[in-house]
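> mind folding the following:
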Amino acid sequence: MCEKYELGLTRNRLFDPYSLVLFRGKYKETFDEDNGRKAFRMLLEKEPVLSTVAEFQGDGTVYLVSHKDSQNLVFSDESGDEIVSSYNNSGLDFSEKLFEFTIADDELVIASHTAVADGKSLLRLAKYFIAFYEKKSLSIEPSEINVFSDFSQLPVDIASP
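Next comes the predicted model:
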């Protein structure tokens, strides 16, 4: 089922010249591909925003549309430095995907578009992924997607929009 969420307050970030946020973490050993894929499928269930893309309407409105992207965990032969360099050079096409997860030996690299993530949220995603990978968590209760289309939707106790 496809769901749409209007992207309001962060819409301007779609066109930011540097619209990429990266997380890079080292794991205690080389990742097992089968366990990594299982953990990633669990993460996709827990965090439905991972499978969204940005879609423009004729009137200029932008929506995050879920379940359009067949998100995959990428296992790469490149080093973590090469992966990060590649992202820094090319970024992510928000119409194709807003997140990408790459594993290179013992490193996890998560790339995301700034319209939907920041460093803290990528750290949270990495934490969930590792918990699923290590089988310390099995809860895949889906998280709510919050895009805060306008200022009235922001929580009262937020420090900055």
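> so what does the residue of the chain positioned farthest from its centre look like in phi/psi?
The centre of the chain is farthest from one residue, Asp59, which by Cα atoms, centre = their mean lies 26.4 Å away. Per-residue torsions, Asp59: phi -90, psi 0 (degrees, to the nearest 10).
> equivalent analysis for the one 4 residues further on, please.
Backbone torsions of Tyr63, given as degrees, to the nearest 10, read phi -120, psi 150.
> how far away is it from Ala54?
Distance of Tyr63 to Ala54, computed by Cβ to Cβ, to the nearest Å: 7 Å. (Glycine included, C-beta is placed from N, CA and C.)
> so what sits against both of these two?
Leu7 (Cβ atoms under 8 Å, 6 or more residues apart in numbering).
> before we move on, the earlier item: dump the residue contacts of the residue farthest from the centre of the chain.
Contacts for Asp59 (Cβ under 8 Å, 6+ apart) come out as none.
> do the same with the one 4 residues further on
Under the criterion of Cβ under 8 Å, 6+ apart, the neighbours of Tyr63 are Lys4, Tyr5, Glu6, Leu7, Ala54, Glu55, Gln57.
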